[in-house]
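> Provided below for reference: sequence and predicted model.
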Amino acid sequence: MSECFVIMPIRRDGSEEFFHFRTIYDDYVKPTVIQSGFDKVIRADDVQKSGAITQDIVQRLATADLVVADLTDLNPNVYYELGVRHSLKGRGTIMILDEGRTPDIPFDLSAYRVIKFKSDLQGISKLRHGLARYLEELGAKSPDSEERDNPVHNWLPSLPVNALSTAVGSEEGRLRQSLAELNKQLQGYKQRYGEPESGSSGDEDVTHQVFTLLQQARDGALGPDLVKAAHEAAERQDKTGYLEALYRIQGSELRLSEREYVILAMDALQLSLPEAQAMVLQAGTIAHPADKSLKRAQLSQLAHSYDPSERRKARGALQAEIGIRSQDGRIIVPARLDGETASLLGIMLDAYHADNMDKEALEITSALIEKLPSSSALARNHARALEKAGEDPVEWYQRSIWCANPDDTSAIWFGNELHNTRRYVDALEAYSFACVLDANDATNFAHVADEISRTIDERDYPVGQAAMKRILPQEVRIETLKTTLVAAFSCDQLGQSDVDRSIEAVKRSAIDSGFVNAILQIRTEGSAELDGEVVWRMRPGERRAFAIRLYDLVKSPLTVREDFTNSPDGET
């Protein structure tokens, strides 16, 4: 099996740069490599998300038959990983560079293969042709060829072409690997069980620990195994299975990681098990008292508790965390809010509204808006506070997506307000904008499908009646609705509410019921036959391109301000 590993800038999910590089990978590099005969193509962020160099990354840099390195934007991670690859493998690396974004690279690689292109139609063709030609040449070379394609191996010809395979096949390599694995196991035992008690034999203690660990592995009782079992039960909406796994975790002395506690808590929330969520977060904060993500997750749980005393406790803690206080009858607010703090503000306001403290919530959002009028998250929370206080919120919901860098949550809240007042085509416009901002969220596409299904037949109303309300453009057809549903079911995260909303859209539009089975098949198997044609699961770049086309059909001054225009690419 031949494998290609792609290293390139990743960027923040949802940003323009993220979509640029993801499109280069999804639509051009990966298809070209697969067409050239490779069985598997994987990008660095498919292995890990943190941006850190990990064992998986190093392993793939050492073993991949081909590494494609995108040097665009001078990303330090890419250059570091390229250096690792050049050290470990003397052949099988190809470099690409978008000259439109990065005119040149900071060191001389002119003697080696660098495919320079621009991300326009002609440049993309050059990229695909250059890749295909290189791969053809690579496949034609003998496996025993000593030809090198990087400066490390050219300047140090004594290095083996494949450093890892040479080391793995030697006795020294085997010894080093065994010693490293044993040391890692010993450190893991110490972390899990602590140092051996005084007076006990270190060798006997480790032997006992190894035996215990092996028995737990056979029983499926290791922490990661139990967390995985609980998570899989939650995905099946199996409350009993989730609680059984949680019971085994709580009844043991396992030490879970911060991430594992967060996974368990999110699963409990998804299953509507608030007591289980509270228990998990309580245990997590005790085990990891310094972890901010667990602490904030616990505050969110308290803010949404059924117990008024817990909501009151959460309000006070969240106010302190955000930096809001009262002085001489005035609300004192922080000078700025970052994205994480803004999300905490929304949680705190949830607790206010749950206790009908709408006036107090409005006082806080009014004070914040006066100081920070350009925050999208703050504008939508102010709109909600106005609505709860009995005032018209539409202007502020609209402002929330007119702000610089709006997010899809603001667009969804605006769409919800328009939907609730039966302005369905206007709601469609807001939801379509949400899809442009985040084409990886199935909820956004499910909302779009819902609005299309409600309005697609209204174009046949009598002229006089149609003139009284906004009508769906003729370019939006039943095929548009079907594509929207395929996009929704192509997203990684698909909640039950998204499925229910999509099924209702199918029924409302009189689409054949077999369509639901087809989109479920696309989700599970990657493709299905629709209307006599094979339809594939949509990639992120394809979903976003579709969202932009749909938004262009329905956009109006409702979401586009002449003096502050939101473009489909999220720029202003």
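Everything's here; your move. Residues are numbered from 1 along each chain as shown.

> can you pull the contacts of residue 256?
223, 227, 249, 264, 284, 287 (Cβ atoms under 8 Å, 6 or more residues apart in numbering). Just so you know, the C-beta spots here come from the backbone N, C-alpha and C atoms, and that holds for glycine as well.

> What about those residues, which are in helices?
In helices, defined here by DSSP state H, the members of the contacts of residue 256 are 223, 227, 249, 264, 284, 287.

> Could you work out the most separated pair of those?
The most widely separated members of the ones in helices among the contacts of residue 256, counting by Cβ to Cβ, are 227 and 287 (13.4 Å).

> Mind checking which of the two has more residues around it?
With neighbours defined as other Cβ atoms under 10 Å, residue 227 and residue 287 compare such that residue 227 has more, 22 against 16.

> Leaving out sequence neighbours, find the closest residue to that one.
With sequence-adjacent residues excluded and distances taken as Cβ to Cβ, 6 or more residues apart in numbering, residue 227 is closest to residue 260, at 4.7 Å.

> Could you give the average pLDDT over the strand or helix carrying the one you found?
Per DSSP states H and E: residue 260 is located in helix 258-270. Across helix 258-270, pLDDT averages out at 85.

> What of stretch 87-94?
89.

> swap in stretch 489-507?
Per-residue pLDDT over stretch 489-507 has a mean of 89.

> Next: stretch 454-473.
69.

> First-to-last residue distance for that stretch?
Taking Cα to Cα, to the nearest Å, the first and last residues of stretch 454-473 lie 13 Å apart.

> residue boundaries of the helices in the stretch 351-500 of the chain?
With helices called from DSSP state H, counting those that start in this stretch, the stretch 351-500 of the chain shows them at 358-371, 376-388, 394-402, 408-420, 424-437, 442-455, 463-466, 478-490, 496-508.

> brain fart, the stretch 1-150 of the chain
16-23, 30-35, 44-47, 55-63, 76-88, 121-140.

> Any idea which of those helices gets closest to residue 239?
That would be, of the helices of the stretch 1-150 of the chain and by Cβ to Cβ, helix 44-47, which comes in at 31.5 Å.

> Tell me the buried residues in the closest one?
Applying a neighbour-count criterion of 16 or more other Cβ atoms under 10 Å, one finds 44-45 buried in helix 44-47.

> so what secondary structure elements neighbour that helix?
Counting by 3 or more Cβ pairs under 8 Å, 6 or more residues apart in numbering; DSSP states H and E, the packing neighbours recorded for helix 44-47 are strand 3-7, helix 55-63.

> Centre of the chain to it, how far?
Centre-to-centre, helix 44-47 and its host chain are 12 Å apart (Cα atoms, centre = their mean, to the nearest Å).

> Convert it to CSV, retaining C-alpha atoms only.
Extracted in CSV, the C-alpha atoms of helix 44-47 (Å, rounded to 0.1, in the frame of the first residue of the first chain):
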residue,chain,number,x,y,z
ALA,A,44,-1.1,16.5,8.9
ASP,A,45,-4.3,17.8,10.6
ASP,A,46,-6.0,14.5,9.9
VAL,A,47,-3.5,12.9,12.3
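
> contacts for that helix?
The contact list for helix 44-47, computed with Cβ under 8 Å, 6+ apart, reads 5-8, 10, 54, 56-57, 60, 77, 81.

> what do you get if the cut-off is 10 Å, keeping everything else the same?
Under the criterion Cβ atoms under 10 Å, 6 or more residues apart in numbering, residues 5-11, 13, 18, 21-22, 25, 51, 53-57, 59-61, 77-78, 81 lie in contact with helix 44-47.

> swap in stretch 124-140?
Contacts of stretch 124-140 (Cβ under 10 Å, 6+ apart): 2, 4, 23-24, 27-29, 31-33, 35-38, 65-66, 68, 91-92, 94, 96-98, 113-120, 145, 149.

> In strands, which of the residues you listed fall?
Residues of these located in strands (DSSP state E): 4, 66, 68, 94, 96-98, 114-117.

> circling back to that earlier point, between the helices of the stretch 351-500 of the chain, which gets nearest to residue 351?
Proximity to residue 351 (Cβ to Cβ) singles out helix 358-371 among the helices of the stretch 351-500 of the chain, at 9.2 Å.

> which helices and strands sit right next to the closest one?
Secondary-structure packing of helix 358-371 (3 or more Cβ pairs under 10 Å, 6 or more residues apart in numbering; DSSP states H and E): helix 308-322, strand 325-327, strand 330-332, helix 339-354, helix 376-388, helix 394-402.

> now the protein, which segments are flagged as low pLDDT?
1, 48-52, 106-111, 141-146, 165-223, 251-254, 339, 459-468, 562-572 (pLDDT under 70).

> again, only using 50
172, 193-194, 196-204, 463-467, 564-572 (pLDDT under 50).

> Domain map for it?
What automatic domain parsing lists as the domains of the chain is 3-168, 179-194+204-217, 223-296, 304-391, 405-572.

> Can you say which of those is nearest to residue 399?
That would be domain 304-391 among those, by Cβ to Cβ, at 4.7 Å.

> Quick one: distance of the closest one to the chain centre.
27 Å.

> how long is that domain from one end to the other?
When the termini of domain 304-391 are compared using Cα to Cα, they are 24 Å apart.

> Let me know which of the helices and strands packed on helix 358-371 is tucked in deepest.
helix 376-388 (a mean of 24; mean count of other Cβ atoms under 10 Å).

> between the ones in strands among the contacts of stretch 124-140, which is closest to residue 342?
residue 98 (33.3 Å).

> quick one: the closest residue in space to the closest one that isn't next to it in sequence and residue 131, what's the gap?
Distances taken as Cβ to Cβ, 6+ apart place residue 72 nearest to residue 98, at 4.2 Å, with adjacent residues excluded. Distance from residue 72 to residue 131, counting by Cβ to Cβ, to the nearest Å: 15 Å.

> swap in residue 261?
Where residue 131 is concerned, residue 261 sits at a distance of 44 Å (Cβ to Cβ).

> just residue 298 next, same as before
Residue 298 is 49 Å from residue 131, where distance means Cβ to Cβ.

> Quick check: phi and psi at the closest residue to residue 432 other than its chain neighbours.
Spatial nearest neighbour of residue 432, chain neighbours left out: residue 551 (4.2 Å); criterion: Cβ to Cβ, 6+ apart. Dihedral angles of residue 551 (phi, psi; degrees, to the nearest 10) stand at phi -60, psi -40.

> is it true that residue 551 touches residue 559?
Yes. If you go by Cβ atoms under 10 Å, residue 551 and residue 559 touch, sitting 8.2 Å apart.

> overlap in contacts of these two?
429-430, 432-433, 436, 566.

> Looking at the residues you listed, state which has the most neighbours.
Within those, neighbour counts (other Cβ under 10 Å) peak at residue 432, which reaches 32 neighbours.

> Next, the contact list for it, please.
With contact set as Cβ under 10 Å, 6+ apart, residue 432 has these partners: 411, 415, 444-445, 447-448, 451-452, 476, 484, 546-555, 559, 568.
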